[in-house]
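**Student:** Next comes the sequence, and after it the predicted model I'd like to discuss.
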Amino acid sequence: MHIDQITRTAMTLAVGTTGAVAMSLAGFPAAPLVGAALATSALAWSGVKLYLPTRLRDMGFLVIGSALGSGFRHEILGQVGGWALSLILLCLSIYATIAISRLILMKGFGKDSDTALLASSPGTLSLALSLAADGRGDATAVLILQCMRLLILSAVLPLGMIILGINPGASGGPTVDLAALPLIAVLVAGAAVSWLIAKRKFPAAYLLGGMVVSAVAHVTDLVHGMPPEWLRFAGFCVTGSVMGVRFTGIRPADILRLAVASIASVGAAALISMGFAGVTAALTGLPFGQVWVAYAPGGVEAMAAIGLALDFDGAYVAVHHLCRITFLLALIPWMARRRNTA
């Protein structure tokens, strides 16, 4: 890296960590993630150029994925089949979220169909931006609306838990830390698998790779435990700071211009996911807070990290967000083609 990139990386991490510590001291749920996201976003909005190396970002996601994977146990294999109804309702929730958010952006804020569709796609930022770069819709508007979606949901979801009186979960996952050698082995193997997944352009590759390797290691009793707290804290800080970095180079005037549209579309999406989560919780007996985090239409890494930070069942949350990615990878191109051939 150049000296300028090193300086900006150090500044980004310092600001993100400061925000994370401040939120932690205030006792805010998912404090490291939310604090880092808000602090770095505020700095980026002021015009400061932030930076995080891709490898550092990937390592943060890898740690979160490895921690999520530690929640997989033998009993999980028998439970997955029972999640079928929850997964079906998740897909219906995603379709409803996109349809309503898209309608709001088109009818309420005059966005064209492609821009509204790509901006309403929850959790596939890279896919949305790649389609926008190919000439579908307003790429700048898609970037801003997607980034605002991630930030708003990451901040509001834990706050909503407090307002609604939802207590953090009790996942029953490991409470001990992995020893040094097993930890290194899980992270190295996770990085290798993640690299292979990333080569296939699959979203959230390092979160997924870390989760898969850790899950297999725990289900087969090769290891027991999760990354130590200090490492999880660092992973949360990096994941939160990534949200702020995405605002670098975006003019504050453009953010303000789209602020109301962002709040309206994200608010509708949050309410829709909350409604479907309520129905799912009533039908399955699963904790409402856990289902809501699994259904929340934010970034996969951020929502998975929030589920982990709130101590909900990591396996349940992770499987649902993996299902969401897979469903969206098929749904968004189909909806875009359908629109163009209509």
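**Tutor:** That came in fine, so what should we check first?
**Student:** just for the stretch 51-200 of the chain, where's the confidence low?
**Tutor:** In the predicted model of the stretch 51-200 of the chain, residues 75-81, 123-124, 127, 133, 135, 167-175 satisfy pLDDT under 70.
**Student:** mind listing the helices for it?
**Tutor:** 54-69, 74-79, 84-103, 109, 113-120, 125-133, 139-163, 180-199 (DSSP state H, counting those that start in this stretch).
**Student:** ranking those helices by burial, who's on top?
**Tutor:** Most buried of those, by mean neighbour count (mean count of other C-beta atoms under 10 Å): helix 113-120, with a mean of 26. The C-beta positions use only the backbone N, C-alpha and C, and glycine is treated the same way.
**Student:** picking that back up, which one of the helices of the stretch 51-200 of the chain lies closest to residue 232?
**Tutor:** helix 54-69 (5.5 Å; C-beta to C-beta).
**Student:** And for residue 334, the neighbour number?
**Tutor:** Residue 334 has 10 neighbouring residues, counting by other C-beta atoms under 10 Å.
**Student:** Tally up the residues packed near the residue nearest to residue 96 when sequence neighbours are not counted, please.
**Tutor:** Distances taken as C-beta to C-beta, 6 or more residues apart in numbering place residue 272 nearest to residue 96, at 5.4 Å, with adjacent residues excluded. Residue 272: 21 surrounding residues under other C-beta under 10 Å.
**Student:** re earlier: tabulate the helices of the stretch 51-200 of the chain in CSV, adding columns for distance to residue 226.
**Tutor:** Below are those laid out as CSV (distance: least, C-beta to C-beta, whole Å):
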stretch, distance to residue 226
helix 54-69, 5
helix 74-79, 15
helix 84-103, 24
helix 109, 43
helix 113-120, 34
helix 125-133, 27
helix 139-163, 20
helix 180-199, 9
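**Student:** Return the residues in contact with the residue nearest to residue 96.
**Tutor:** 93, 96, 97, 100, 297 (C-beta atoms under 8 Å, 6 or more residues apart in numbering).
**Student:** and it, how far is that from residue 265?
**Tutor:** 11 Å (C-beta to C-beta, to the nearest Å).
**Student:** Could you measure from residue 201 over to residue 165?
**Tutor:** Counting by C-beta to C-beta, the gap from residue 201 to residue 165 is 42 Å.
**Student:** higher neighbour count, these two?
**Tutor:** Counting neighbours by other C-beta under 10 Å for residue 201 and for residue 165 shows that residue 201 has the greater number, 11 against 7.
**Student:** Helix, strand, or coil at that one?
**Tutor:** State at residue 201, reduced to three classes by DSSP: H, G, I helix; E, B strand; the rest coil: coil.
**Student:** For the remainder of this discussion, apply numbering that starts at 677.
**Tutor:** From this message on, residue numbering opens at 677, which makes the last subject residue 877.
**Student:** give me phi/psi at it?
**Tutor:** phi 60, psi 30 (degrees, to the nearest 10).
**Student:** next one: residue 786
**Tutor:** With angles defined as degrees, to the nearest 10, residue 786 sits at phi 70, psi 20.
**Student:** Doesn't residue 898 belong to a strand?
**Tutor:** No: read with three-state DSSP, residue 898 is coil and lies in no strand.
**Student:** dump the residue contacts of it.
**Tutor:** 858, 892.
**Student:** any idea how far it is from residue 983?
**Tutor:** Residue 898 is 24 Å from residue 983, by C-beta to C-beta.
**Student:** who's in contact with the closest residue to residue 736 other than its chain neighbours?
**Tutor:** In space, and not counting its chain neighbours, residue 736 is closest to residue 914: 2.9 Å by C-beta to C-beta, 6+ apart. Applying C-beta under 8 Å, 6+ apart, we find residue 914 in contact with 689, 692, 712, 728, 732, 733, 735, 736, 737, 739.
**Student:** make it 10 Å
**Tutor:** Shown in contact with residue 914 (C-beta atoms under 10 Å, 6 or more residues apart in numbering): 688-689, 692-693, 696, 708-709, 712, 728, 732-740, 921, 977, 981.
**Student:** thinking again about what came up before, quick one: which of the contacts of residue 948 is nearest to residue 822?
**Tutor:** Scanning the contacts of residue 948 for proximity to residue 822, where the rule is C-beta to C-beta, the winner is residue 973, at 10.9 Å.
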